[in-house]
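Asks: Next one to model:
(one chain, ligands or ions: 1)
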Amino acid sequence: MILPIYVYGSPVLKKEAEEIDKTYPELQTFIADMFETMANSEGVGLAAPQVGKSIRLFVLDASIFAEDNPELKNYRKVFINPIILERAGEKVCYNEGCLSFPKLHEDVYREQRVRVEYFDANFEKHDEWFDGIVARIIQHEYDHLEGKLFVERLSSIRRKLIASKLKRITKGDFSASYKTKL
Ligand code: NI
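Replies: As a prediction, this is how the structure comes out:
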């Protein structure tokens, strides 16, 4: 089922999300809905708070980057209760978007590599390093679980420059090709 995506201004996006365990009701259905919702909106990542659930879970789909990175073919993953244990490498700039900010793209600096402990859909625990675009998506989605949004990683000058655009989103004055909610 495709779920509506909560946009900037929704209180759920600013909350710190809660850990879950394997007894979480309808977990597999929810994960399937997350992947379906992400695909429908052509996103490369989606965190549970973005569909109104304040839980520590996100999905990513890096398969659109497979042209330049063949190892990313069909690269789809779910992260439950992730913890970023280490960040490494120089901070690099990348023009990010976010489904909760329709049509807004901004340059954000983040580390190149991250080491993450997380549980998969079967609640198997993993401890892995990720780099490149996958590390980028993980850091963006992880921020959502902390109630932190990508515009908060911009310089104060840049934030002032886009303030009116942000305000318009909170008022529902935007267009998106997917279902949204405030
Ligand atoms: Ni986002």
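Asks: name the element the residue most central in space within the chain belongs to?
Replies: Nearest residue to the geometric centre of the chain (Cα atoms, centre = their mean): residue 141, 2.9 Å. Using DSSP states H and E, residue 141 maps to helix 132-145.
Asks: Pull the contacting residues for residue 136.
Replies: 94, 96, 110 (Cβ atoms under 8 Å, 6 or more residues apart in numbering). Backbone N, C-alpha and C define where each C-beta goes, glycine included.
Asks: Wasn't the last one part of a strand?
Replies: Yes - the assignment for residue 110, made by DSSP: H, G, I helix; E, B strand; the rest coil, places it in a strand.
Asks: is it true that it touches residue 139?
Replies: Yes - look at residue 110 against residue 139 with Cβ atoms under 8 Å: they come within range, at 4.8 Å.
Asks: just for this structure, where's the confidence low?
Replies: Within the chain, no stretch has pLDDT under 70.
Asks: now residue 146: how far from residue 21?
Replies: To residue 21, residue 146 is 20 Å away according to Cβ to Cβ, to the nearest Å.
Asks: gap between residue 154 and residue 129?
Replies: From residue 154 over to residue 129 (counting by Cβ to Cβ), the distance is 27 Å.
Asks: Those two: which has the busier surroundings?
Replies: residue 154 (17 against 12; other Cβ atoms under 10 Å).
Asks: check contacts around the more buried one.
Replies: So residue 154 contacts 106, 108, 162 (Cβ under 8 Å, 6+ apart).
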